[in-house]
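Engineer: what would the 3D arrangement of this be:
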Amino acid sequence: MSHTDHVLVVDDDRDIRQMVGDYLRRNGLRVSLAADGREMRAALDTSDVDLIVLDVMMPGEDGLSLCRNLRAGKHRAVPVVMLTARDDETDRIVGLEMGADDYVIKPFSSRELLARINAVIRRARMLPPNLQVSEAARLIGFGHWKLDTTARHLLDEDGTAYPLSGAEFRLLRVFVDHPQRVLSRDQLLNLTQGRDAEVFDRSIDLLVSRLRQRLGDGAREQTYIKTVRSEGYVFCQPVTLIGDGA
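Structural biologist: Numbering: from 1, shown residues only. This is a model prediction of the structure:
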């Protein structure tokens with residue numbers, strides 16, 4: 001039986017929810033609707049969702065908070081497309097930094113939203129099978145480092161914290177979820193930066209270089225991230241779950 005992609009639309013505006021849901025259903029998608037974070041979490045806990053369309057401006061828990069919490073929880077692997085206001089560049093940048101995969105600016109055309117949804121789902125499936133090694137753990141250990149997935153920073157052996165930018169954290173998170181697997185530049189670029197690469201500043205190679213500096217990798221001795229010629233990069237350290245770090 002062929003798989004029908006399941007999209008969860010989260011928006012407090014009933015008219016927008018219904019309009020988006022009806023259009024996506026007419027174009028072959030399975031759709032669930034949620035008016036707020038509580039309904040979103042209930043839907044995620046009771047069915048498999050392939051992508052979330054998430055409005056930024058909602059009362060109570062807004063879309064940015066919900067996106068951040070998604071990326072720190074058990075549903076962190078579900079792709080997110082955010083709906084943002086036309087003139088609010090800050091929301092778009094913050095949303096991408098918090099883990100959104102793409103965004104659509106209101107007012108939007110339903111055709112554009114559908115195209116974004118399909119593109120993000122395709123990107124998500126570019127990865128090799130996910131080992132999900134870090135799904136349940138707050139702290140992830142590798143080499144001389146620990147990654148705090150809640151605070152989004154590195155901890156050295158003395159417990160000193162080293163902050164990561166949003167793009168650095170997302171790149172490292174992809175690597176620790178797929179240790180000892182070669183990932184191409186296109187896979188890494190799409191998964192960390194989406195269609196707005198300029199938001200995160202420069203190429204994937206420079207981002208890898210910045211992350212290597214954070215980890216203490218030298219130009220000749222690449223302990224953590226090795227270059228695989230003509231293929232991409234591989235995170236070569238084994239990864240250990242450390243739970244909540246309590």
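
Engineer: any low-confidence regions in this protein?
Structural biologist: Residues of the chain meeting the criterion pLDDT under 70: 1, 86-92, 95, 97-98, 126-137, 190, 192-203, 219, 243-246.

Engineer: could you pull out the helices for it?
Structural biologist: 14-26, 37-46, 63-72, 89-97, 110-124, 166-177, 185-193, 197-200, 204-215 (DSSP state H).

Engineer: what's the closest of the ones you listed to residue 144?
Structural biologist: Comparison of the helices of the chain against residue 144 by Cβ to Cβ identifies helix 204-215 as nearest, at 8.6 Å. Backbone N, C-alpha and C define where each C-beta goes, glycine included.

Engineer: contact partners of that closest one?
Structural biologist: Taking Cβ atoms under 8 Å, 6 or more residues apart in numbering as the criterion, the residues outside helix 204-215 that touch it are 143, 145, 154, 162, 164, 167-168, 171-172, 185, 188-189, 192-193, 200, 222-225, 233.

Engineer: before we move on, back to that, mean neighbour count and distance to residue 3 added to the helices of the chain, as TSV?
Structural biologist: As requested, the helices of the chain are arranged in TSV below (neighbours: other Cβ atoms under 10 Å; distance: least, Cβ to Cβ, whole Å):
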stretch	mean neighbour count	distance to residue 3
helix 14-26	15	15
helix 37-46	16	18
helix 63-72	21	22
helix 89-97	19	27
helix 110-124	17	11
helix 166-177	22	22
helix 185-193	19	21
helix 197-200	16	29
helix 204-215	18	29
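
Engineer: could these be laid out in JSON lines, adding distance to residue 150?
Structural biologist: Written out in JSON lines, the entries for the helices of the chain read as follows (distance: least, Cβ to Cβ, whole Å):
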{"stretch": "helix 14-26", "distance to residue 150": "30"}
{"stretch": "helix 37-46", "distance to residue 150": "18"}
{"stretch": "helix 63-72", "distance to residue 150": "5"}
{"stretch": "helix 89-97", "distance to residue 150": "15"}
{"stretch": "helix 110-124", "distance to residue 150": "23"}
{"stretch": "helix 166-177", "distance to residue 150": "11"}
{"stretch": "helix 185-193", "distance to residue 150": "19"}
{"stretch": "helix 197-200", "distance to residue 150": "21"}
{"stretch": "helix 204-215", "distance to residue 150": "18"}
